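Peer 1: any chance you could fold what I've pasted below:
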Amino acid sequence: MSKGFLGIIALVIVVFVAIFALSGHKTANAPSGNKSSNGSALTQHIEGQGKSGVTVVEYGDYECPYCGAAYPVMKQVVTDMNEQIKFQFRNYPLTQIHQNAFAGARAAEAASLQGKFWQMHDTLYDNQDPNGKTGWVASSDPLDQYFVGFARQIGLNVNQFKTDFNSTKVNDAINADQAEGNKLKIQGTPTFYINGKQTDLPYSSGAAAVEKVIQTAINNKTQAN
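Peer 2: Sure, this is the predicted structure:
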């Protein structure tokens, strides 16, 4: 066997190793599509038509005051850019510091089983006390004191909602999102990704500032294509 032939084989091996390493790096640093790192199904709550091919993902906590501040801004962004982008929300309740964050996620996921995720998502944020002193975020029994009322307000079957709220299915959905967030090493909420790349969105500066960042991503994607 010639040295030249051996050199070609070595080169091929090096190329395959490099491709494998690069693809592995990409997977570790971007939100996955449908499954968490432990194989459970991730939630798929998406708004917008996404004609530009750009998807914005938020990992959020319903009790987090920063998420509460980002909520109306992102709602406006989705309204303004509905044709261009997809917006996806995933659960990342910070249970160590927010006593009812997981319960809030349960309420939204239970509502989703009746096709009304976004209605509950919005109601939770509309009724959030950012100071954590009143309302559902401070309640010792948020289900019966608040969430049942929210369920009636948005037209859910209340008995079914209460059953689903306490179900393994809802619990597993939240845990799958949270496991994916842990895999991504998310440090706080809200955390945003644009097409798999973690991106700081200046929501404190308003919808126009956020839309500018997203539009840049759309322009870059268009140029790349």
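Peer 1: centroid residue for this structure?
Peer 2: By CA atoms, centre = their mean, the chain has its centre lying nearest to residue 90, at 2.6 Å.
Peer 1: quick check: bridge partners of that one?
Peer 2: residue 59 (DSSP bridges).
Peer 1: so it touches residue 180, yeah?
Peer 2: Yes. Counting by CB atoms under 8 Å, residue 180 is a contact partner of residue 90 at 7.1 Å. All C-beta atoms are positioned from the backbone trio N, CA, C, and that covers glycine.
Peer 1: residues contacting the residue nearest to the centre of the chain?
Peer 2: Counting by CB atoms under 8 Å, 6 or more residues apart in numbering, residue 90 touches 31, 42, 43, 45, 57, 58, 59, 60, 177, 180, 181.
Peer 1: same thing with residue 218?
Peer 2: Counting by CB under 8 Å, 6+ apart, residue 218 has contacts 52, 54, 84, 85.
Peer 1: residue 131 too?
Peer 2: residue 65.
Peer 1: element containing it?
Peer 2: Using DSSP states H and E, residue 131 is not contained in any helix or strand.
Peer 1: how close does it get to residue 196?
Peer 2: 35 Å (CB to CB, to the nearest Å).
Peer 1: could you do residue 186 as well?
Peer 2: 14 Å.
Peer 1: hey, where'd the helices end up in the protein?
Peer 2: 3-28, 65-80, 101-112, 117-126, 142, 148-153, 158-165, 168-183, 207-224 (DSSP state H).
Peer 1: what about residue 155, neighbour count?
Peer 2: When neighbours are counted by other CB atoms under 10 Å, residue 155 registers 11.
Peer 1: and if you look at residue 56?
Peer 2: 26.
Peer 1: nearest residue to it in space, please, no chain neighbours.
Peer 2: Excluding the flanking residues, the one nearest residue 56 by CB to CB, 6 or more residues apart in numbering is residue 87, at 5.0 Å.
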